[in-house]
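> sharing a model prediction with you, sequence too.
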Amino acid sequence: MKVKQYATTILALLVSIVIAVGGYWTWRNYTYHDTKQPQQILQQQQKTQDDVVLIFHKTGCPDCQQVVRQVNQAVQAGQADHYVMVDTKDSNLYQKYNVIEVPTAIHLKAGQEVARYAGANNPDRLVNVIKATKE
């Protein structure tokens, strides 16, 4: 009787772990992870001359959802000093950078724009801007 009870408990625990890991994996890969206080990072970047990649998206945008996994993978593999993700619904920063379409990635070096891609039609170009390979 006790063996059956332990087996049920262990099975329930294993199922819970699988669900938790699956939920984390889905959240990590299929959700934009917005930067807290992006203005401060951008101000600091201008002083330090760091590479920064701005990624603008909008909650509920089908094009943004189409490329979210590629965007997150590019950020993880990228070489920029900072990545700043901004939801255009929650920030007016998009106006400063003349973003009229989402998703948009803008690569800044020393405060100057060196690359930009907007849209989801060519994910490879978007990924190349996001990776910001240093020369």
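Nice, thanks for sending it over.

> immediately after the longest helix seen in the chain, which helix or strand?
Assignment by DSSP state H gives helix 2-30 as the longest helix of the chain. Counting by DSSP states H and E, the element after helix 2-30 in chain order, helix or strand, is helix 38-48.

> pull the number of nearby residues for residue 51.
Burial of residue 51 is recorded as 19 neighbouring residues (other C-beta atoms under 10 Å). Heads up, the C-betas are built off the backbone N, CA and C, glycines and all.

> roughly how far is the longest helix of the chain from the heart of the chain?
Relative to the centre of its chain, helix 2-30 is centred 27 Å away, using C-alpha atoms, centre = their mean, to the nearest Å.

> domain ranges for this structure?
Residue ranges for each domain of the chain read 1-29, 33-129, as given by the TED database.

> make CSV out of those and add mean pLDDT.
Shown next, in CSV, are the domains of the chain (pLDDT from 0 to 100):
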stretch, mean pLDDT
domain 1-29, 87
domain 33-129, 91
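
> please identify the deepest-packed of these.
domain 33-129 (a mean of 17; mean count of other C-beta atoms under 10 Å).

> what residues does the helix or strand hosting residue 124 touch?
Assigned by DSSP H and E, residue 124 belongs to helix 123-131. With contacts defined as C-beta atoms under 8 Å, 6 or more residues apart in numbering, helix 123-131 is touched by 53, 55, 67, 70-71, 73-75, 77-80, 83, 103, 105-107, 115-117, 119-120.

> got it, and stretch 84-104?
So stretch 84-104 is in contact with 32-35, 38-39, 41-42, 52-59, 61, 63-64, 67, 71, 75, 106, 113, 116-120, 126, going by C-beta under 8 Å, 6+ apart.

> which residues touch residue 116?
By C-beta under 8 Å, 6+ apart, the contact set of residue 116 is 104-107, 129.

> 6 Å instead, please
Going by C-beta atoms under 6 Å, 6 or more residues apart in numbering, residue 116 touches residue 106.
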